[in-house]
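Undergrad: Build me a model:
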Amino acid sequence: MQENLLTYALTVFTGFFAIMNPIANTPIFLGLVGDMNKSEKRRIAKRASITAFLIVVAFVLLGKFIFEMFGITIPAFKITGGILIFYVGFEMLQSKKSKVHQQEDIEPDDEIAISPLAIPILAGPGTIVTAMSNVTGGSFIHIGIVIGMFALMIGLTYLAFSMSDLIVKKLGNNLITVIGKIMGLILAIMGTGMAIDGIKLAFNL
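TA: All right, here's what the predicted structure looks like:
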């Protein structure tokens, strides 16, 4: 039982890491905050992280009610979510900024903490789909693990954003691009697996 939960936790964390990828998002963060000083950057990073956490936790806890309200079935959700996650991963493999994450002409002020940082860069459709797909049909323990893994991921993201200047300087844009491609491949594979699970559920295979 404990081994199964540990494997589940690692799978959830890998999913969040692949789609949120704090290292690959760090240059995006720097581009948005412009010439702000360190304290301002940390304030923006903190606000974005907390907002993203609250959004995803709300979907995790209220996902069942959302499904019932709109008549969404678990197979349909898994298939659609799998396609979406595959699409984001495929775009990352093609060295394109995913349209799910992309945002242009943003003024560097406090509002960027909400949009586009919290939504859609951190708590975008891919992140929400990943979180909800991991708790559909799960127990309270699974819900707790998903929230805990997302909290850990948000903590790492805040840390990466707070140290953004140092990370980009040490790693360089080329290595960050390679990491992004690897995460894109992982996402595409996870998306395919999620869609296959949905098809199996839909046709009782």
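Undergrad: So which helix or strand of this structure has the lowest pLDDT on average?
TA: Among the helical and strand segments of the chain, the one scoring lowest on mean pLDDT, DSSP states H and E is helix 74-93, with a mean of 80.
Undergrad: and for the helix or strand following it, what are the contacting residues?
TA: Next along the chain after helix 74-93, taking DSSP states H and E as the criterion, comes helix 125-133. Contact with helix 125-133 is made by 12, 15-16, 19-20, 52, 55-56, 59-60, 63, 77-78, 80-81, 84-85, 88, 100, 146, 150, 187, 190, 194, as judged by CB atoms under 8 Å, 6 or more residues apart in numbering. In this view, the C-beta of every residue, glycine as well, is placed from N, C-alpha and C.
Undergrad: out of these, which are buried?
TA: Taking 16 or more other CB atoms under 10 Å as the criterion, what is buried in those is 12, 15-16, 19-20, 52, 55-56, 59-60, 63, 77-78, 80-81, 84-85, 88, 100, 146, 150, 187, 190, 194.
Undergrad: for the protein, what's the longest helix?
TA: helix 164-202 (DSSP state H).
Undergrad: what pLDDT, on average, does that helix get?
TA: Averaged across helix 164-202, the pLDDT comes to 82.
Undergrad: and stretch 169-179, C-alpha only, in CSV?
TA: Coordinates of each C-alpha in stretch 169-179 appear next as CSV, following Å, rounded to 0.1, in the frame of the first residue of the first chain:
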residue,chain,number,x,y,z
LYS,A,169,23.2,33.0,-15.7
LYS,A,170,24.5,29.6,-14.5
LEU,A,171,22.5,27.3,-16.8
GLY,A,172,22.3,29.4,-20.0
ASN,A,173,19.4,29.5,-22.4
ASN,A,174,20.7,26.5,-24.4
LEU,A,175,20.5,24.1,-21.5
ILE,A,176,17.2,25.5,-20.4
THR,A,177,15.9,24.8,-24.0
VAL,A,178,17.1,21.2,-23.8
ILE,A,179,15.4,20.7,-20.4
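Undergrad: Tell me which residues of that stretch come out buried.
TA: By neighbour count on 16+ other CB under 10 Å, the buried set for stretch 169-179 is 171, 176.
Undergrad: Equivalent analysis for stretch 53-71, please.
TA: Neighbour count says stretch 53-71 has 53, 55-57, 59-60, 63, 67 buried, by 16+ other CB under 10 Å.
Undergrad: Give me the residues contacting it.
TA: Contacts for stretch 53-71 (CB under 8 Å, 6+ apart): 72-74, 77, 118-119, 123, 127-128, 131-132, 135-136, 143, 146-147, 150-151, 154.
Undergrad: what about dumping the CA coordinates of that stretch to PDB?
TA: The C-alpha trace of stretch 53-71 is given here as PDB (Å, rounded to 0.1, in the frame of the first residue of the first chain):
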ATOM      1  CA  PHE A  53      -2.000  27.200  -5.600                       C
ATOM      2  CA  LEU A  54      -5.500  28.300  -4.600                       C
ATOM      3  CA  ILE A  55      -6.900  28.000  -8.100                       C
ATOM      4  CA  VAL A  56      -5.600  24.400  -8.600                       C
ATOM      5  CA  VAL A  57      -6.700  23.300  -5.100                       C
ATOM      6  CA  ALA A  58     -10.200  24.700  -5.700                       C
ATOM      7  CA  PHE A  59     -10.400  22.500  -8.900                       C
ATOM      8  CA  VAL A  60      -9.100  19.500  -7.000                       C
ATOM      9  CA  LEU A  61     -11.600  19.800  -4.200                       C
ATOM     10  CA  LEU A  62     -14.600  20.900  -6.300                       C
ATOM     11  CA  GLY A  63     -13.800  18.800  -9.400                       C
ATOM     12  CA  LYS A  64     -16.600  16.300  -8.600                       C
ATOM     13  CA  PHE A  65     -19.200  19.100  -8.300                       C
ATOM     14  CA  ILE A  66     -17.900  20.700 -11.500                       C
ATOM     15  CA  PHE A  67     -18.300  17.400 -13.300                       C
ATOM     16  CA  GLU A  68     -21.800  16.900 -12.100                       C
ATOM     17  CA  MET A  69     -22.800  20.500 -12.800                       C
ATOM     18  CA  PHE A  70     -21.800  20.300 -16.500                       C
ATOM     19  CA  GLY A  71     -22.400  16.600 -17.000                       C
END
